[in-house]
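> Output the structure for:
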Amino acid sequence: MGVPESSRYLPQAIRHHWGIDNKLHWALDVSFGEDLDRKRAGNAAQNFSILNRIALNLLRQDKTCKLGIKAKRLQAGWDNDYMLQLLGD
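Numbers count the residues shown, from 1 in each chain. Model prediction:
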């Protein structure tokens, strides 16, 4: 009796899922230092995580300059016009 066809793709699907998950967490940690955050009160950690993901998506969508996510984040902190451009103003 052989292995069902659907179970042959399960390991690949799991690796694919965790690859996406790990890529997201790596980007959040490198660009936003999320692993170093010490927010513990109430929903602070979850709220800031959501804001970081929104910011990461906005930075990834920007194709006007060829900078990394961390550099774009710093640029947005220094340049209000660039920040407003990212926010769609």
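
> which sections of this structure are below the confidence cut-off?
1-7, 17-24, 35-37, 89 (pLDDT under 70).

> all helices for it, in order.
Taking DSSP state H as the test, the helices found in the chain are 5-8, 10-32, 44-61, 69-78, 80-86.

> Out of these, flag the one nearest residue 38.
For the helices of the chain, proximity to residue 38 was assessed by Cβ to Cβ; helix 44-61 is nearest, at 8.9 Å. C-betas here are computed from N, CA, C, even on glycine.

> That closest one: which residues count as buried?
49, 52, 55, 56, 58, 59 (16 or more other Cβ atoms under 10 Å).

> Let's have those residues in TSV, adding distance to residue 41.
Below are the buried residues of helix 44-61 laid out as TSV (distance: Cβ to Cβ, whole Å):
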residue	distance to residue 41
49	14
52	17
55	21
56	23
58	26
59	27
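
> from these, which is closest to residue 30?
Closest to residue 30, out of all of the buried residues of helix 44-61 and judged by Cβ to Cβ, is residue 56, at 10.5 Å.

> any idea how far the closest one is from residue 15?
Distance, residue 56 to residue 15, by Cβ to Cβ, to the nearest Å: 23 Å.

> from what I can see residue 60 touches residue 68, true?
No. Residue 60 is beyond contact range of residue 68, at 10.5 Å (criterion: Cβ atoms under 8 Å).

> which residues do the two both contact?
Shared contacts of residue 60 and residue 68 (Cβ atoms under 8 Å, 6 or more residues apart in numbering): none.

> for the nearest residue to residue 72 once chain neighbours are set aside, what are its contacts?
Nearest residue to residue 72 in three dimensions, chain neighbours excluded: residue 59, at 4.7 Å (Cβ to Cβ, 6 or more residues apart in numbering). Shown in contact with residue 59 (Cβ under 8 Å, 6+ apart): 31, 69, 72, 73, 76, 86.
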